[in-house]
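In: model this:
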Amino acid sequence: MAEWDDEPGPLVRPYVHTGGRTDLHSEELDVSALLRATPEAREHEVSLSAAAVRELCAKPVSLAEIAAELESPISVARVLVGELVDQGLLRVSAPRTDRPDVSFMERLRNDVRNL
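Out: Predicted coordinates for the structure are as follows:
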């Protein structure tokens, strides 16, 4: 006989949070982009899922962190965030672009393996 898990899992399918939308009108959002709610964000009525995103963005938070907090796929968070950005309710700060050289990262990985 099968045993039941203590955690039932998500009760709502991810596409329900986005109203079935999968497209973005704003440009592609990087997972490390920092998002913050604008002052006028509280005055607008939005869906429950979008309101949860808006609350998370009271302080700067990344798209990846939003997805983790909502326990949703990154694609769902990206659609919700993109909608709020398009409405002017969230402000996006570009992620850092000064990433290390790939060869440096490979050397570091190899050195750690050799420990």
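
In: neighbours around residue 84, how many?
Out: When neighbours are counted by other Cβ atoms under 10 Å, residue 84 registers 24. Backbone N, C-alpha and C define where each C-beta goes, glycine included.

In: could you list the buried residues of the helix or strand hosting it?
Out: Assessed by DSSP states H and E, residue 84 sits inside helix 74-86. For helix 74-86, the neighbour count (16 or more other Cβ atoms under 10 Å) marks 76-85 as buried.

In: in this structure, which spans are helices?
Out: With DSSP state H as the criterion, the chain has helices at 14-17, 48-56, 63-70, 74-86, 102-113.

In: show me what the longest one is packed against.
Out: So the one you mean is helix 74-86. helix 14-17, helix 48-56, helix 63-70, strand 90-93 (3 or more Cβ pairs under 8 Å, 6 or more residues apart in numbering; DSSP states H and E).

In: repeat the analysis, applying 10 Å as the threshold.
Out: helix 14-17, strand 34-37, helix 48-56, helix 63-70, strand 90-93 (3 or more Cβ pairs under 10 Å, 6 or more residues apart in numbering; DSSP states H and E).
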